[in-house]
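Q: quick one: sequence plus predicted model below, questions after.
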Amino acid sequence: ILNVEQSPQSLHVQEGDSTNFTCSFPSSNFYALHWYRWETAKSPEALFVMTLNGDEKKKGRISATLNTKEGYSYLYIKGSQPEDSATYLCAPQNSGGYQKVTFGIGTKLQVIP
Amino acid sequence: NAGVTQTPKFQVLKTGQSMTLQCAQDMNHNSMYWYRQDPGMGLRLIYYSASEGTTDKGEVPNGYNVSRLNKREFSLRLESAAPSQTSVYFCASSAPASLSYEQYFGPGTRLTVT
């Protein structure tokens, strides 16, 4: 079981603002880092999977970076929209030999129109 | 292509009753998982099945059993439900299409044990 920390736990931003949040995880035995988006009353959906130090992934206005040496990842949302309101889960995967990830508690984002 | 389906969506049990949560996927995935979601906590792994015919304990397996019936189906059984098992249960599946295992989640089962 990995110690995963996400910050902040929640935040409110105005529509059009850009925002970012952090995921911290143990850097030892790192294999991959997953980001999931979880809308209220729905199921988590995969956003990104990153494996290499320095990886950057982008999907529309959402992007993520990865630092495996220091054990953190940032998720950025540019020009937030109300439909971005969701909980964003970070899930590091270690090289334990089986396909398990450990989910963080998440950052709950509320975009105010 | 329905993805991952779960039944039932809602269930209320009395303490000591038993029930089985059903999960099926139609994506030909090898691996399947059961998680529980509780307020203030991340998704916690109960059991997983890396492939048909194998199952392993996750972080919180006590009070649960699982069966990987075939490649499509992975069920979770509560033999004697307790109020501490009140939670939302999610089934997920993944396939090693690449080296990292993106998981696809079902809609969840909300279980209340009184």
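A: Looks like it arrived, so ask away. Numbers count the residues shown, from 1 in each chain, chains lettered A, B, ... in the order given.
Q: residues from chain B in reach of chain A?
A: Residues of chain B found near chain A (Cβ under 8 Å from any Cβ of the partner chain) are B:4, B:31, B:35, B:40-45, B:48, B:50, B:56, B:58-59, B:90, B:94, B:96, B:98-108. (Each C-beta comes from the backbone N, C-alpha and C, glycine too.)
Q: buried among those? Need that as a selection in PyMOL.
A: Typed into PyMOL, the line below selects the buried ones among these, using 16 or more other Cβ atoms under 10 Å in any protein chain shown:
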select buried, chain B and resi 4+31+35+42+43+44+45+48+50+58+90+94+100+101+102+103+104+105+106+108
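Q: give me the three-state assignment for A:Glu83.
A: helix (DSSP: H, G, I helix; E, B strand; the rest coil).
Q: any weak-confidence spans in chain B?
A: B:96-100 (pLDDT under 70).
Q: if you could redo that for chain A, that was the one I meant.
A: A:1, A:96-100.
Q: need the helices for it, in chain order.
A: Using DSSP state H, chain A contains no helices.
Q: what residues does it have near chain B?
A: Going by Cβ under 8 Å from any Cβ, the residues of chain A near chain B are A:1, A:4, A:31-32, A:34, A:42-46, A:49, A:51, A:89, A:93, A:98-106.
Q: buried only: go through those for me.
A: For the residues of chain A next to chain B, buried by 16+ other Cβ under 10 Å: A:4, A:31-32, A:34, A:43-44, A:46, A:49, A:89, A:93, A:99-106.
Q: which parts of stretch B:50-57 are buried?
A: Applying 16+ other Cβ under 10 Å to stretch B:50-57 flags B:Ala50, B:Thr55 as buried.
Q: what do you get for stretch A:19-38?
A: Under the neighbour-count criterion of 16+ other Cβ under 10 Å, stretch A:19-38 has A:19, A:21, A:23-25, A:30-38 buried.
Q: now do stretch B:86-99: everything it contacts.
A: A:32, A:43-44, A:49, A:51, A:99, B:4, B:6, B:21, B:23, B:25, B:27-38, B:43, B:46, B:74, B:76, B:101-106, B:108-113 (Cβ atoms under 8 Å, 6 or more residues apart in numbering or on different chains).
Q: over to stretch A:62-76?
A: Contacts of stretch A:62-76 (Cβ under 8 Å, 6+ apart): A:18-27, A:30, A:33, A:35, A:47-48, A:50, A:52-58, A:77-78, A:84, A:88, A:90, A:107.
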